[in-house]
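Q: sequence below, structure please.
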Amino acid sequence: MEEGQFLRIGAFKTAQLGYLTLLHLYQEGLGTHPNEAVAVKRMYVRRNTPTQANSNRWEITHLMPADEFCKTIMEANVLLWAISIMNYTYLIRLGSDRDTYSFIYHFINTADTPPPFDIPKIHFLHAAIAVVNQQVVGPAAKATANICRTYLVEELINEEQDGFHKFINRGSAVPVKLSATNKSLLALGEFLPFTQHVQYYKTGGLVYISDLQGVWLIVLPNLN
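A: Predicted coordinates:
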């Protein structure tokens, strides 16, 4: 990880460029190839340090290891729930058949004519938790592991190159107005509210994913 060089400083997480190499490579998601570029995120709190020259000055202060671990796990759980709910939007188990069919494509296949548009295929950022442990040797020579730092490792996206867009705000059901010149972007902007309706209906009004933003075919979630 490149210390001190931030890709972005958000409301409660910093993002730095890192490189991931796993002992056993995966076929999909994170860790598909050695030295994979990733975004390494870490929780922080703002500490105000005003001066006479700058009354709004503040510094980044990291959480205590135990708090950082718990909050990072909570953030990862939100992402995991969002992935499950979005998969639930696409997939549904029909009848007693053991196969899982696509909720969307089931209706396409049973319709008389195909839809006059393409169905967007989206996914949330691939992510993982990385924990740094410090080995402590006790008086009885028993080694125990203490958590030093906890990171949220995410799939790296290039916001400038890929075009980062806000699709739906957290406090409004009305989608954000997008550029009319980009037909694919408009189609995705219309598709995402549809997924919210499916999620709300299929969960009996319990939950839906909002605050949807990201690049084409990659979306960042927030649960409501």
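Q: for the rest of this, base every contact and every neighbour count on C-alpha atoms.
A: Fine.
Q: what's the single longest strand in this protein?
A: strand 143-155 (DSSP state E).
Q: buried stuff in that strand?
A: Within strand 143-155, the residues scored as buried using 16 or more other C-alpha atoms under 10 Å are Arg149, Thr150, Tyr151, Leu152, Val153, Glu154, Glu155.
Q: who touches that strand?
A: 30, 37-43, 65-66, 68-69, 72, 76, 125-138 (C-alpha atoms under 8 Å, 6 or more residues apart in numbering).
Q: now, these that are in helices?
A: Pro65, Ala66, Glu68, Phe69, Thr72, Ala76 (DSSP state H).
Q: re the thing from before, can you select the buried ones among the contacts of strand 143-155 for me in PyMOL?
A: PyMOL command restricting the contacts of strand 143-155 to the buried ones, with burial defined by 16+ other C-alpha under 10 Å:
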select buried, resi 30+37+38+39+40+41+42+43+68+69+72+76+125+126+127+128+129
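Q: in strands, which of the contacts of strand 143-155 appear?
A: 37-43, 127-137.
Q: just after the helix or strand of the chain with the lowest mean pLDDT, pick out the following helix or strand.
A: Ranked by mean pLDDT, DSSP states H and E, the weakest helix or strand in the chain is strand 100-102, scoring a mean of 53. Remark: after strand 100-102, the chain's next helix or strand is helix 103-110, criterion DSSP states H and E.
Q: buried set for stretch 72-83?
A: Here stretch 72-83 shows Thr72, Ile73, Ala76, Leu79, Leu80, Ala82, Ile83 as buried, counting by 16+ other C-alpha under 10 Å.
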